[in-house]
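> Give me a model of this one.
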Amino acid sequence: MYLFIRDALLERIRQKKEVIGKLRCQAWSHFGSVVSSYFTFLRWIVFVNVIITFIIVAFVVLPEALADAAGDGGRRNRTESRKEIPMGERIHADELAVVWHYDLPYKYI
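You can find the predicted model right below:
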């Protein structure tokens, strides 16, 4: 009788260990796939940002820098108002409130 109870108890313990082991492995495998998906998406976002940066540099920054380097005084006079901060606003240009309440495009229209 004692051996029968002991064997039944050990069998139940083994079954519970198997269930716990399966649950533990199952949870980690789901967690791993989510992390993998996150880093795959993050890599894609970084790649898209790099491509957009190259496009902006190639079609906006580089031509503007080359035109300013080769330009004459007339070009400087025509484009200076768009590229420099007005004297009255230079004192406050580095304050956080100026960046936070950015309204420059609408201010001069």
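> Following element in sequence after the longest helix belonging to the chain, please.
Among the segments of the chain that qualify as a helix by DSSP state H, the longest is helix 2-56. Proceeding N to C from helix 2-56, the next assigned helix or strand is helix 62-70, under DSSP states H and E.
> so after that following helix, what's the next helix or strand?
Per DSSP H and E, the helix or strand that comes after helix 62-70 is helix 73-83.
> What is that following helix packed up against?
helix 62-70 (3 or more C-beta pairs under 8 Å, 6 or more residues apart in numbering; DSSP states H and E). Backbone N, C-alpha and C define where each C-beta goes, glycine included.
> now what about the helix it packs on, what contacts it?
75-76, 79 (C-beta atoms under 8 Å, 6 or more residues apart in numbering).
> ok, back up a step: now the longest helix of the chain, how far from the centre of its chain.
25 Å (C-alpha atoms, centre = their mean, to the nearest Å).
> which residues of this protein score low on pLDDT?
1, 23-33, 102-109 (pLDDT under 70).
> Go again with 50.
Filtered on pLDDT under 50, the chain yields the residue ranges 27.
> what's stretch 89-98 in contact with?
Residues outside stretch 89-98 that contact it (C-beta under 8 Å, 6+ apart): I85.
> Between the two ends of that stretch, how far is it?
Start and end residues of stretch 89-98 are separated by 10 Å (C-alpha to C-alpha, to the nearest Å).
> Let me have the contacts of helix 62-70 in CSV, extended by neighbour count and distance to F39.
Shown next, in CSV, are the contacts of helix 62-70 (neighbours: other C-beta atoms under 10 Å; distance: C-beta to C-beta, whole Å):
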residue, neighbour count, distance to F39
R75, 12, 47
R76, 11, 48
T79, 14, 44
